[in-house]
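Q: Dropping a prediction and its sequence here:
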Amino acid sequence: MTFTVTRMKTTIAGTMAAAMTMATLALPAFAVDRADAVKSIEVTADMGSVQNTAAAAYWATLDKDLETAILTKVTDRMGDEGAAITVDIDEVSLASGFAESIGLADSKLSGLVKVSDPTQPGRGDSYTLTVDMNSTLPALGAGFDITSPEVDTAAVYAAMLDTFAAQVVTNLK
């Protein structure tokens, strides 16, 4: 009987040791690959400089909304180390679609995107990204008519953010 208990303890201890070893070996498979990791996302937009009140109201929460849109696309890549993504929105581009003669159909979202990773200097990048209605239309779905008087401005806003965020993530090195 002692043999059985001892054997059982050995088996349990052996099983536990094997499980711990397997968990340790499997851990890197679930960890964020350092080369793809994202440490932070920051979006800035000086809405106080937008003179057009309709544009200022429409884009009022742009900075937080765009941060959230990018974050949802890299949630599985967030880590304590990694790339810092910063986006500085061009406020002039925000107001352009709200000019009386232009209209929402000509709206665009433009900003300077910077990606920096001090521990991986080759990963840095800086570029201007512009998303206009033509690039946003696929996100709005077939049959969406931007010229309709009943255009869903919330859908346009969400599609522009999603398209911009997707391009930022696509361009990550």
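A: Perfect, thanks for sending it. Numbering: from 1, shown residues only.
Q: and the next element down the chain from the lowest-mean-pLDDT helix or strand in the chain?
A: Here the helix or strand of the chain ranked lowest by mean pLDDT, DSSP states H and E is helix 2-30, holding a mean of 37. Per DSSP states H and E, the first helix or strand lying C-terminal to helix 2-30 is strand 38-44.
Q: Could you list the buried residues of that next one?
A: V38, K39, I41, V43 (16 or more other Cβ atoms under 10 Å). Any C-beta I mention is one placed from the backbone N, CA and C, and that applies to glycine too.
Q: for stretch 135-155, same thing?
A: S135, T136, A139, L140, F144, I146, V151.
Q: can you tell me how far L172 sits from I70?
A: Applying Cβ to Cβ, to the nearest Å, the value for L172 to I70 is 10 Å.
Q: do P138 as well
A: From P138 to I70 the distance is 19 Å (Cβ to Cβ).
Q: Just want the most central residue of the protein.
A: I70 (1.3 Å; Cα atoms, centre = their mean).
Q: Can you tell me the closest non-neighbouring residue to it?
A: A165 (4.5 Å; Cβ to Cβ, 6 or more residues apart in numbering).
Q: cool, V115 as well?
A: Using Cβ to Cβ, 6+ apart, the closest residue to V115 is D125 (4.5 Å).
Q: count of residues packed around the one you found?
A: 15 (other Cβ atoms under 10 Å).
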